[in-house]
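**Student:** pasting the sequence and the predicted coordinates here, then a few questions.
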Amino acid sequence: MTTDLSQTTTDLYERMRATNPLVQCITNYVAMNYAANVLLAAGASPAMVHTPEESGEFATIAGALTVNIGTLSPNWVEGMIAAAKSANTAGKPWVLDPVAHFATGYRQGTTTELLKLNPTVIRGNASEIIALGGGQSAGQGVDSGDPVEQAEDAARTLATAQKAIVAVTGEVDFVTDGTRSVRIAGGSDLMPKITAMGCALTALTGAYVAIAPDQAFEATVAALANFAVAGEIAAKSANGPASFMTAFVDGLYTLDAKTFNANARITAQ
Ligand SMILES: Nc1ncnc2c1ncn2[C@@H]1O[C@H](COP(=O)(O)OP(=O)(O)OP(=O)(O)O)[C@@H](O)[C@H]1O
Ligand SMILES: Cc1ncsc1CCO
Ligand SMILES: [Mg+2]
């Protein structure tokens, strides 16, 4: 990677930990607990606030909002839309995780409405990003059925059309703003064996854009690199998915800037 991007992501990593950003996470029932623990260990402050009676109000207080459509219901959708509108009005960045948006009409319709509210970052697995770009994906549910490389063109197209940062995650992650692109290697093949790992990453991306709203591309890269480095460390002591879950939270907690910088594998495309 370029020295500039290496230094910038390390600076963002340090700043995120030092700042303890408040992140409003509207996520799914599966992810809620793990995502909150991931954010705390990484150095952010999560708040799971979704009901429309308060989601818009809270979005004005939080540093950033994240919206994940994993387990939808009408009240939650209303809360998501109110929060995203309010984040926009307050000038706060927000991150969209379009979990299995292609699977049902309800998910598709909700995703279309959320995309109209201009997310700052869209983070999904390869199947989700291919389908958002109008392509035919092999995904059926929440797990990806496609390699990241196959989603790169769709990611660029989507980033340009939405004027957003698009992050595609998998074995080697890909981030683009439509013009600039980077790949981030690392992590572990145990990561897709743990549910809600991607949802937790979306929440952490919120923490990074909260502290650097004007550098959403670099902030997204830093969030993904944070996961990749902590994941690689956790894999060394894990015996399988269950022990990886705890080792990963510990890995995020014990990581320092020097180790982050030495182990982040970011390559400009
Ligand atoms: N084979 C792999 N090797 C290394 N890291 C991986 C691998 N697959 C996924 N990851 C990492 O796991 C994290 C979650 O990405 P993934 O693409 O699995 O999300 P997801 O499919 O949206 O997950 P979920 O919907 O279960 O929350 C990312 O940090 C990604 O880099
Ligand atoms: C398993 C699952 N089902 C709906 S959301 C979710 C978490 C991973 O996306
Ligand atoms: Mg997902």
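**Tutor:** Sure thing, it's come through. All of these numbers come straight from a predicted model, not from anything done at the bench. Ligands and ions are numbered 1, 2, ... in the order given.
**Student:** what does the stretch 51-200 of the chain put close to ligand 2?
**Tutor:** By Cβ under 6 Å from any ligand atom, the part of the stretch 51-200 of the chain that sits against ligand 2 consists of 70-71, 99, 142, 195-196, 199. For every residue, glycine as well, the C-beta is placed using N, CA and C.
**Student:** let me see the contact set for Ala62.
**Tutor:** By Cβ atoms under 8 Å, 6 or more residues apart in numbering, the residues touching Ala62 are 22-24, 47, 87, 92, 210.
**Student:** kindly recompute the last result at 6 Å.
**Tutor:** 22, 24 (Cβ atoms under 6 Å, 6 or more residues apart in numbering).
**Student:** and the one 4 residues further on, by the same measure?
**Tutor:** In this structure, Thr66 makes contact with 25, 95, 202-203, 206, judged by Cβ under 6 Å, 6+ apart.
**Student:** does any part of stretch 139-156 sit near ligand 1?
**Tutor:** Yes. For stretch 139-156, a contact with ligand 1 is found by Cβ under 6 Å from any ligand atom, at 142-144.
**Student:** low-confidence ranges, the chain, go.
**Tutor:** Along the chain, segments meeting pLDDT under 70 span 1-3.
**Student:** all strands for it, in order.
**Tutor:** Remark: strands assigned in the chain by DSSP state E are 22-26, 45-47, 64-68, 94-97, 121-125, 165-169, 173-176, 181-185, 265-268.
**Student:** could you count how many residues lie near Gln269?
**Tutor:** 11 (other Cβ atoms under 10 Å).
**Student:** got the contact list for it?
**Tutor:** Counting by Cβ under 6 Å, 6+ apart, Gln269 makes contact with Ser181.
**Student:** mind doing that once more with 8 Å?
**Tutor:** Taking Cβ under 8 Å, 6+ apart, we find Gln269 in contact with 181-183.
**Student:** from Thr160, how far off is it?
**Tutor:** 15 Å (Cβ to Cβ, to the nearest Å).
**Student:** could you do Thr27 as well?
**Tutor:** According to Cβ to Cβ, Thr27 and Thr160 sit 27 Å apart.
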